[in-house]
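>>> one predicted model, sequence on top.
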Amino acid sequence: MKRRLEWSFLIAGLVAAGCGSSSSGNPDGVAEPYMGHWEIEGSSSSFTLNCPATVGSLSFPIWSELELDHGVLSDLVDVSSACSSPGMGFDVDKGGVTAQVVNPDPFTGAAPLCRLVVAVDANGLPVFIDFSFSSLTITKLAAAGTDKAPRILYGGAATGPLMEDDGSGTGNNVQIDSCTYSGPGDSFHRTTQP
């Protein structure tokens with residue numbers, strides 16, 4: 001009798017563990033429409049990088065591809081290789097139409113950061129910008145037509161220092177410019193989904 005009772009609890013526990021928390025049966029919930037691999041549409045970007053003391057102002061996409069995955073401390077995480085790990089987290093609004101970058105970052109407690117390596121110096125050390133985003137939004141768009149891939153708009157604004165190694169061999173970085181980054185948004189279409 002005791003063994004039968006133990007088996008009953010074990011089976012009940014396994015059945016309960018196998019049930020998703022979503023009433024639709026979709027464990028990804030609000031994140032699902034955003035998850036997957038996305039490719040930029042077209043060959044130009046609406047984003048402008050402005051580093052006045054070094055490169056001036058130019059059209060510059062950080063992302064030509066996006067990889068959005070289910071988050072742990074947020075609904076979504078951008079895990080594309082454009083920004084250094086851990087990526088930026090996004091929470092989807094109640095209507096499911098937009099996802100906003102989580103600020104402060106739930107892992108670091110600081111503003112969302114994108115470390116973008118833009119070049120290497122003569123010693124092979126990275127020259128990078130630490131973009132701190134004041135806004136970054138993913139908005140679902142209507143498909144371009146029947147039987148077309150889902151689309152999103154990725155837009156926002158950031159500021160950050162352009163940094164390089166000081167040449168001392170100690171790993172110390174120095175700021176060589178102050179940069180801004182902004183754009184109304186680039187359109188992407190989904191090429192794969194989980």
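Everything's here; your move.
>>> tell me where this structure has strands.
36-40, 48-51, 56-59, 65-70, 76-78, 88-92, 98-101, 113-120, 126-141, 151-165, 173-192 (DSSP state E).
>>> need the winner for burial among the ones you listed.
strand 76-78 (a mean of 24; mean count of other C-beta atoms under 10 Å). Where C-beta positions appear, they are placed from N, C-alpha and C, glycine not excepted.
>>> quick one: strands adjacent to that one?
Strand 76-78 has the following strand partners under DSSP bridges: strand 65-70 (antiparallel), strand 88-92 (antiparallel).
>>> who wins for proximity to His189 among these?
His189 lies closest to strand 65-70 among these, at 10.4 Å (C-beta to C-beta).
>>> quick check: angle from the closest one to strand 173-192?
Between strand 65-70 and strand 173-192, the angle comes out at 80 degrees (axes from the mean of the first three to the mean of the last three C-alpha atoms, to 10 degrees).
>>> let me see the mean pLDDT of strand 65-70.
Strand 65-70 carries an average pLDDT of 93.
>>> dump it to PDB, restricted to CA.
Coordinates of each C-alpha in strand 65-70 appear next as PDB, following Å, rounded to 0.1, in the frame of the first residue of the first chain:
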ATOM      1  CA  GLU A  65      20.700  39.600 -38.300                       C
ATOM      2  CA  LEU A  66      18.800  39.000 -35.000                       C
ATOM      3  CA  GLU A  67      18.600  35.900 -33.000                       C
ATOM      4  CA  LEU A  68      15.800  36.200 -30.400                       C
ATOM      5  CA  ASP A  69      15.300  33.500 -27.800                       C
ATOM      6  CA  HIS A  70      13.200  32.900 -24.700                       C
END
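>>> among the strands of the chain, which comes closest to Phe107?
strand 88-92 (7.7 Å).
>>> what angle do strand 113-120 and the closest one make with each other?
140 degrees.
>>> show residues contacting strand 88-92.
30-31, 34, 68, 71, 73-78, 98-102, 105-107, 112-114, 133, 136, 138 (C-beta atoms under 8 Å, 6 or more residues apart in numbering).
>>> many thanks, have a good one.
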